[in-house]
Each structure stands twice: as C-alpha cells, then as structure tokens.
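*Asks:* no sequence for this one, just the structure:
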Ligand code: TIU
C-alpha cells in the first residue's frame with residue numbers, strides 16, 4: 001500500500017510492518033520527571049499525544065504489531081554509565097527521588113508509559129538503557145522473529161531517541177517511516193531539523209509523513225479486506 005511521504009512514497013507492506021512508539025513515558029511528558037530535570041518545558045511534547053492515540057487505535061484495529069519502548073535503568077543503577085549519570089551537572093540525578101518516584105528507574109511511576117498510550121496485553125515493551133532502542137535490548141531479535149522489515153516510528157524526542165533509533169534501525173536493514181505529528185521535541189527547531197535529516201539525501205535514514213497519510217492507507221487496506229470477503 002503506497003503512503004505519500006518525503007522524499008517519495010513509502011510502500012507499506014502491512015503484515016511485515018510494526019508500529020514502534022518511542023519513550024512516551026511520564027518521565028518525559030509530565031512535570032517532575034527526567035525531561036524537566038534536564039531543564040526542559042515538558043508541555044512542548046503533549047501535542048503528540050492525540051495524534052499518537054489516533055494512529056495507535058487505527059493500527060490496532062487493522063491488527064498490526066505494536067511495540068513500545070521505555071528509557072530507564074535498573075533499580076540498582078548497575079546499567080547506568082557514570083558518564084550518563086553526571087552529564088548536565090544537574091542538582092537531581094537519575095535514580096534520585098522525585099514526585100513520580102526515582103527518576104528514570106524501571107518500575108517507578110515516572111518511568112511508565114502515559115495512560116493515554118498504555119500498552120495493550122501482548123504488545124511487547126522494550127526497556128532500553130540508552131537513547132537507541134536497539135542498544136542493549138532484544139528489539140532486533142523480536143522484530144526478526146516476527147518477520148518485521150518495516151518500522152513506522154513515533155514518539156519522543158525527535159532528535160534524541162527517535163533519531164538514534166531510526167539510525168540504528170536503518171543500519172540493520174529496516175525501512176523506517178517516521179510520523180511527523182506523532183514525534184516531538186522540547187525544541188521545535190530540532191524537531192524540524194531532526195525530521196529533515198531523516199528524509200534528506202533521498203531518504204538517507206528513512207521516510208517522513210504525517211499520521212493522516214498512514215491512517216488513510218490503513219483505511220484503504222481495511223476496505224480491500226472487506227471487498228475480498
Ligand atoms: N532529553 C531528550 O530530549 N531525550 C531523552 O533524553 N530521551 C529520549 O529522547 N527518549
């Protein structure tokens with residue numbers, strides 16, 4: 001199914017595609033978490049929630065695989081590189097207590113996915129210690145085992161975890177379609193440039209399109225299924 005995209009149309013082969021939602025966690029989208037600890041205005045990211053909800057619901061209705069990721073660390077912080085812990089010279093550090101529990105620690109309320117996009121039973125959740133979703137995780141194995149070669153990527157933040165993951169995925173042979181309105185940054189200019197970097201040079205890292213284009217393609221797929229019955 002062809003989807004209008006930059007730099008040219010994306011050929012969505014639905015059974016081999018997964019929706020990959022990056023780090024839509026309370027720690028990044030709500031006050032008192034990791035995002036705010038880094039000095040950011042977390043309200044910048046909230047515009048991504050409604051489009052993600054609509055795309056997730058259409059993707060689930062079409063029976064597609066959904067995978068969620070969460071950035072965070074073991075409660076003993078044994079997987080937290082000292083360089084990551086001290087970066088930014090913040091007064092509060094990863095692992096310190098905050099209003100949503102210990103910052104960026106697995107199992108704490110702030111580390112979990114926001115209620116609006118909460119994973120459904122059976123949807124894999126990848127816990128990752130870094131910015132990229134492939135580093136030190138079983139994501140590649142899970143995708144290979146399910147025969148996935150295309151990733152429709154959303155989440156936060158555009159230039160950090162989304163870009164890092166798309167670059168990792170591209171080098172592993174996945175075709176990534178990044179959904180512009182479903183990604184967000186604390187810095188609007190980095191969001192714009194982060195997306196432009198993906199689609200530039202003939203799609204050096206992948207493709208970019210708004211959620212409406214994918215939702216419309218899913219509707220066409222559903223129509224064809226209906227006609228075949
Ligand atoms: N700080 C920032 O923009 N992002 C992160 O630290 N992690 C993710 O992007 N998930």
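*Replies:* Perfect, I can see it now. What you see is a predicted model, and the numbers here were worked out from it, not measured in a lab.
*Asks:* going forward, measure contacts and count neighbours with C-alpha atoms only.
*Replies:* OK.
*Asks:* Now do the contacts for the nearest residue to residue 112 once chain neighbours are set aside.
*Replies:* Spatial nearest neighbour of residue 112, excluding adjacent residues (Cα to Cα, 6 or more residues apart in numbering): residue 25 at 5.4 Å. Residues in contact with residue 25 (Cα atoms under 8 Å, 6 or more residues apart in numbering) are 70, 110-114.
*Asks:* Tell me the residues of the protein that contact the ligand?
*Replies:* Counting by Cα under 6 Å from any ligand atom, the chain comes close to the ligand at 23, 35, 131, 156-157, 160-161.
*Asks:* By neighbour count, which of those residues wins?
*Replies:* Neighbour tally across the residues of the chain next to the ligand (other Cα atoms under 10 Å): the maximum, 29 neighbours, falls on residue 23.
*Asks:* Can you name the helix or strand that the nearest residue to that residue once chain neighbours are set aside falls in?
*Replies:* Of all residues not flanking residue 23 in the chain, residue 70 sits nearest, at 4.6 Å (Cα to Cα, 6+ apart). Assigned by DSSP states H and E, residue 70 falls within strand 65-71.
*Asks:* for the next helix or strand after that strand, packing partners?
*Replies:* Sequence-wise, the next helix or strand downstream of strand 65-71 (DSSP H and E) is helix 82-86. Taking 3 or more Cα pairs under 8 Å, 6 or more residues apart in numbering; DSSP states H and E as contact, there are no helices or strands that helix 82-86 lies on.
*Asks:* Next secondary structure after helix 82-86?
*Replies:* In N-to-C order, the element after helix 82-86 by DSSP H and E is strand 97-98.
*Asks:* any idea of the mean pLDDT for that following strand?
*Replies:* Throughout strand 97-98, pLDDT has a mean value of 96.
*Asks:* likewise stretch 116-124?
*Replies:* pLDDT averaged over stretch 116-124 gives 98.
*Asks:* Go through the chain and flag its longest strand.
*Replies:* Across the chain, the longest stretch assigned as strand under DSSP state E is strand 175-184.
*Asks:* Distance from that one to the middle of the chain?
*Replies:* Chain-centre distance of strand 175-184: 8 Å, with Cα atoms, centre = their mean, to the nearest Å.
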